[in-house]
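Asks: Just a sequence and a predicted model for now, questions to come.
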Protein chains: 2
Amino acid sequence: MKLESEHLEILAMIVEKGGLTEGAAALGKSQPSVSRTISLLEKRVGAPLFEPGRRPLRPTELGASLARLGGRIHALNGEAQLLVERFRKGQAGRLRLGGTPIFMDGVVAAMIAEFQQHHSDVHVEQSYGYLDAMLAQLRNGSLDMAILPLHPNQIPQDMEFTSLLPGRNVIACRVGHPLTRKSTITLADIDPFPWIAPPVDSPLYRDLQRALISIGSEDFRVNFSGGTFASIASVLAGSDSLTVLPYSVVFQTRKMTQIEALPLKIEHPDRQLGLLVRRDQASAPALTHFKAFMAQQCRQLEARIQHEQQVTRRRG
Amino acid sequence: MKLESEHLEILAMIVEKGGLTEGAAALGKSQPSVSRTISLLEKRVGAPLFEPGRRPLRPTELGASLARLGGRIHALNGEAQLLVERFRKGQAGRLRLGGTPIFMDGVVAAMIAEFQQHHSDVHVEQSYGYLDAMLAQLRNGSLDMAILPLHPNQIPQDMEFTSLLPGRNVIACRVGHPLTRKSTITLADIDPFPWIAPPVDSPLYRDLQRALISIGSEDFRVNFSGGTFASIASVLAGSDSLTVLPYSVVFQTRKMTQIEALPLKIEHPDRQLGLLVRRDQASAPALTHFKAFMAQQCRQLEARIQHEQQVTRRRG
DNA sequence: GGCGTTATATCGCTTTGGGTTATGAAACTG
DNA sequence: CAGTTTCATAACCCAAAGCGATATAACGCC
């Protein structure tokens, strides 16, 4: 005969509170209800759980043992409820994020840290990739959200895209780079400097190609490639190399890295950096919160960028 | 909204088995039943527990977490059932035994050891006492069974008495005691030897008095008293002292202690050594088993005693 | 891409368990 | 010994869970 965990929990509460009436009150039930539950449980167990005919209700040895187990069950149940609560509030869960490497490292990671200040039990699993791979992962459920630059008409039907920042790229160099002292930069100025190339399969790499073509350079010398953002930033800061980076990355990390953007207009891709989520699970609470949080963070970032530019313009 | 532990257990089983159908089979329920249980649970949780539209049913992150908790609940429930099973078979529980010191130490303890070979999870709590104290403890529920010598008309209404052995006492001495070489023993023979007295409030002490009066000795010299059986046996074995002991004790411990009984008939009290149990909890399984076990052990002991006496008689 | 297989969801119906209030019985308290 | 408290029982009702039958959706296979 199967015992019900519910009954054991009720037993535990009664033993803990020391009486049917108090136990029932603690459980939010009426006294007859728990009384009957106990007698049913006793019938199933086949032995009395409380000493018969005693006023301060005292559990039998078996009753006490079962109550201990019931208490542990109750605790686990409570844990489950807590988990659900936290999950509903988006404070717990797992967030599997994938994104283009540079933007993840340069902008998103810092925001994740900030997010986890308020959602400490959200476990973030970060991975890197580009559009096709991440679409596949989003569809087969091994990824919850992709963070990447996307053109509006690239958004698939089954996905929801939240744009965060304009995908504006700039040519970046170390602070104090010779070119930064020039007020106008020509192709001839740029030509002597070697380039740091992002991974060849990345959008940034194509952006680099297009940018250089747009300013007239067909050929460019690459002296470093394949590194992640940390390596790129180090090489950039320690040499006179140039590279193409999203302006947001340059701006966000300008305190930590010794990198600035050249005041050179390059063709910027018509894309938005944003969040891609499968439409049918857009409602997962932690995801929703993270989306809202990222949107807000990026609005702030954008505002700071705007502000900075105005200041710079006024000064310059 | 309260989650039911039952539901979490079902969820756990489904996740473990990898599907509704198999889970239902493992739970001994129909598939529609568990399907509906899950959908109800999802409604209460407010979030999907399984990825929608996937053939090898795959739990959500939340679903998996809740399933883990459900599994632990299920394990505890199983423990509870096992406990009940063992309790019903009398293999688990607590047995609070009280008894007269000499008989508990000399006879019962060895039998408890034997009993626990087959009922390893029965926890025996032994205490010592005499009739009045033990009656009170039996009545207030702090003792499950008393083991003591009792006259048939001393049995209270609310108690059940199972007699084990006749309460025959003998005068005991060390093996090889001078008196054992005599074929007939007179009062004068006994007189020189000192006595070991049991506790003054014990039945045995009164038995000793009566025994000595019955053979004509009004006065006796006590050189040791107040000890438990182990001390008495040591002193007895290491001196020419005499004492009164239940024959069963002398017989049962004759291999371990160097004690034998004098072939001297003394007035034996009209009592039976037996088990006293409160009538209304005579059905506790471990108690029932212990009662039956003790009865059987004592029958065997009695038979061995009978056999020995016949052999002795034939030889003598 | 259509089709069969298999697994899941839904429906209607019945039974059980648990919820309630009202009330009776038992045991502690003064 | 009466009053108070606490537990057990009765009568009733509804929610949940059981079942079989059946619709629907995914997957794999040709």
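Replies: All right, it came through fine. Numbering: from 1, shown residues only, chains lettered A, B, ... in the order given.
Asks: How many residues are close by the residue in the stretch 151-300 of chain A that DNA strand C sits nearest to?
Replies: The minimum distance from the stretch 151-300 of chain A to DNA strand C, using C-beta to the nearest atom of the strand, falls at A:D280 (14.0 Å). All C-beta atoms are positioned from the backbone trio N, CA, C, and that covers glycine. When neighbours are counted by other C-beta atoms under 10 Å in any protein chain shown, A:D280 registers 13.
Asks: and it, helix, strand or coil?
Replies: When classified by DSSP: H, G, I helix; E, B strand; the rest coil, A:D280 comes out as helix.
Asks: Distance of it relative to A:M159?
Replies: Taking C-beta to C-beta, to the nearest Å as the measure, A:D280 falls 10 Å from A:M159.
Asks: A:K43 too?
Replies: Counting by C-beta to C-beta, the gap from A:K43 to A:M159 is 56 Å.
Asks: again, but for A:H118
Replies: From A:H118 to A:M159 the distance is 27 Å (C-beta to C-beta).
Asks: Could you confirm whether the helix or strand containing A:Q310 reaches chain B?
Replies: Element membership for A:Q310 (DSSP states H and E) is helix A:285-315. Yes. On the criterion C-beta under 8 Å from any C-beta of the partner chain, helix A:285-315 is in touch with chain B at A:P285.
Asks: Give me the buried positions along that helix.
Replies: Under the neighbour-count criterion of 16 or more other C-beta atoms under 10 Å in any protein chain shown, helix A:285-315 has A:P285, A:A286, A:L287, A:H289, A:F290, A:K291, A:F293, A:M294, A:Q297, A:C298, A:L301, A:I305 buried.
Asks: mind listing what the second one touches?
Replies: I take that to be A:A286. A:A286 is in contact with A:F87, A:G90, A:Q91, A:A92, A:G93, A:R94, A:L95, A:H119, A:V122, counting by C-beta atoms under 8 Å, 6 or more residues apart in numbering or on different chains.
Asks: How about the first one?
Replies: By C-beta under 8 Å, 6+ apart, the contact list for A:P285 reads A:F87, A:R88, A:K89, A:G90, A:G93, B:A47.
Asks: Now do the SS call for the fifth one.
Replies: I take that to be A:G93. Judged by three-state DSSP, the three-state class of A:G93 is strand.
Asks: For the closest residue to it other than its chain neighbours, give its distance to DNA strand D.
Replies: Closest residue in space to A:G93, ignoring its immediate chain neighbours: A:A286 at 4.0 Å, by C-beta to C-beta, 6 or more residues apart in numbering or on different chains. Computed as C-beta to the nearest atom of the strand, to the nearest Å, the A:A286 to DNA strand D distance reads 24 Å.
Asks: pLDDT score for A:A286?
Replies: pLDDT, A:A286: 89.
Asks: OK, contacts around the residue of chain A found nearest chain B?
Replies: Residue of chain A nearest chain B, by C-beta to the nearest C-beta: A:S5 (3.7 Å). Contacts for A:S5 (C-beta under 8 Å, 6+ apart) come out as A:G70, A:I73, A:N77, B:S5, B:E6, B:E9, B:I73, B:L76, B:N77.
Asks: how near is it to A:Q31?
Replies: 22 Å.
Asks: rewinding a little: among the contacts of A:A286, which are in reach of DNA strand D?
Replies: Among the contacts of A:A286, no residue is within reach of DNA strand D (C-beta under 7 Å from any atom of the strand).
Asks: And those residues, which is closest to B:I102?
Replies: Each of the contacts of A:A286 was scored against B:I102 by C-beta to C-beta, and A:A92 proved nearest at 64.5 Å.
Asks: so how far is B:K43 from that closest one?
Replies: Distance of A:A92 to B:K43, computed by C-beta to C-beta: 20 Å.
Asks: between those two, who's got more neighbours?
Replies: Neighbour count, other C-beta under 10 Å: between A:A92 and B:K43, A:A92 has more, with 22 against 10.
Asks: The more buried one contacts A:Q116, doesn't it?
Replies: No. Contact between A:A92 and A:Q116 fails when scored by C-beta atoms under 8 Å: they sit 11.7 Å apart.
Asks: Mutual contacts of those two, please.
Replies: Counting by C-beta under 8 Å, 6+ apart, the residues touching both A:A92 and A:Q116 are A:V122.
Asks: Give me the neighbour count for A:E42.
Replies: A:E42: 18 neighbours (other C-beta under 10 Å).
Asks: now the helix or strand hosting it, how far from the chain's geometric center?
Replies: Assigned by DSSP H and E, A:E42 falls within helix A:31-45. Computed by C-alpha atoms, centre = their mean, to the nearest Å, the separation of helix A:31-45 from the middle of its chain amounts to 48 Å.
Asks: Show residues contacting that helix.
Replies: By C-beta under 8 Å, 6+ apart, the residues outside helix A:31-45 that reach it are A:1, A:3-4, A:6-8, A:10-11, A:14, A:20-21, A:23-24, A:27, A:48-50, A:62, A:66, B:84.
Asks: run the last query once more with 7 Å
Replies: With contact meaning C-beta atoms under 7 Å, 6 or more residues apart in numbering or on different chains, helix A:31-45 is reached by A:1, A:3, A:7, A:10-11, A:14, A:20-21, A:23-24, A:27, A:48-49, B:84.
Asks: Same question for stretch A:167-174.
Replies: Here stretch A:167-174 makes contact (C-beta under 7 Å, 6+ apart) with A:149, A:179-180, A:207, A:211, A:236-237, A:240, A:242-247, A:250, A:258-262, A:264, A:266, A:268-269, A:271-273.
Asks: ok so, going back, quick one: least confident of the contacts of A:P285?
Replies: Looking at the contacts of A:P285 by pLDDT, the weakest one is A:G90, with 83.
Asks: Could you list the low-pLDDT ranges of chain A?
Replies: Applying pLDDT under 70 to chain A flags the ranges A:1, A:281-283, A:312-316.
Asks: Give me the distance between the closest residue to A:F161 other than its chain neighbours and A:D132.
Replies: Setting aside the residues directly before and after it, A:F161 is nearest to A:I155 in space (C-beta to C-beta, 6+ apart), at 4.6 Å. Between A:I155 and A:D132 the computed distance is 14 Å (C-beta to C-beta).
Asks: So which of these two has more stuff around it?
Replies: Each of A:I155 and A:D132 has its neighbours counted (other C-beta under 10 Å); A:I155 has more, 15 against 9.
Asks: quick one: stretch A:88-101 to chain centroid distance?
Replies: With C-alpha atoms, centre = their mean as the basis, stretch A:88-101 stands 4 Å off its chain's centre.
Asks: List the contacts of that stretch.
Replies: Residues from elsewhere that reach stretch A:88-101, judged by C-beta under 7 Å, 6+ apart: A:83, A:86-87, A:108, A:119, A:121-130, A:134, A:137, A:142-149, A:202-203, A:228-229, A:285-290, B:46-47, B:61-62.
Asks: Up against DNA strand C, what does the stretch 201-316 of chain A have?
Replies: By C-beta under 7 Å from any atom of the strand, no residue of the stretch 201-316 of chain A approaches DNA strand C.
Asks: in the stretch 101-250 of chain A, which spans are strands?
Replies: Using DSSP state E, counting those that start in this stretch, the strands of the stretch 101-250 of chain A run over residues A:121-128, A:145-150, A:159-166, A:169-174, A:195-197, A:222-225, A:243-246.
Asks: Neighbours of the nearest residue to A:A64 once chain neighbours are set aside, how many?
Replies: Leaving aside its chain neighbours, A:A64 sits nearest to A:V15 (6.6 Å; criterion: C-beta to C-beta, 6+ apart). Using other C-beta under 10 Å, the number of residues around A:V15 comes to 22.
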